[in-house]
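1. Can you look at this prediction? I've put the sequence above it.
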Amino acid sequence: MTKVGKRIVEGAQQAAAFARGEDASGFIVHIPAPIDTRRIRAKLGMTQEQFCKTYGFELAALRDWEQGRRVPTGAAQTLIRVIDNDPAAVAAVVMSAPSAATARKRPARHVKSATRKKA
């Protein structure tokens, strides 16, 4: 087996050991603290609708987060953490971005269709 192959197998074995709860020395795992969107929204004195409209979230997603059915992931999680730290800055950036309704749309491309000559 090649050196790279051995490292891949070793990494897979370490990951499996970690998943089983065994000693997995050398692993550093960062698990972010849970986000309490309801607390953040209440701190800002906003309704769910106001929070979603101000920061661009879907109302259904916010309700799911607040009721524990789902958790924000990826970019939403990062954005909520930034909102918690500086809500005015985030609102200013979101409000200055063009909305889908006002954004310039690319002109449609017209493609000539080939016509078939009758024999």
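-> Arrived safely, thanks for sending.
2. going forward, measure contacts and count neighbours with C-alpha atoms only.
-> OK.
3. Could you list the low-pLDDT ranges of the chain?
-> Applying pLDDT under 70 to the chain picks out residues 24, 26-27, 99-119.
4. If we use 50, what do you get?
-> Along the chain, no part satisfies pLDDT under 50.
5. for it, what spans make up the helices?
-> 3-19, 37-43, 48-55, 59-66, 74-85, 87-96 (DSSP state H).
6. Reformat these as TSV; add distance to residue 28 and mean neighbour count.
-> As requested, the helices of the chain are arranged in TSV below (distance: least, CA to CA, whole Å; neighbours: other CA atoms under 10 Å):
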stretch	distance to residue 28	mean neighbour count
helix 3-19	11	12
helix 37-43	27	16
helix 48-55	33	17
helix 59-66	27	16
helix 74-85	19	15
helix 87-96	31	13
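7. Minimum distance to residue 31: which of those helices has it?
-> Closest approach to residue 31 among the helices of the chain (CA to CA): helix 74-85, 12.5 Å.
8. other SSEs contacting the closest one?
-> Contacting helix 74-85 under the criterion 3 or more CA pairs under 8 Å, 6 or more residues apart in numbering; DSSP states H and E is no other helix or strand.
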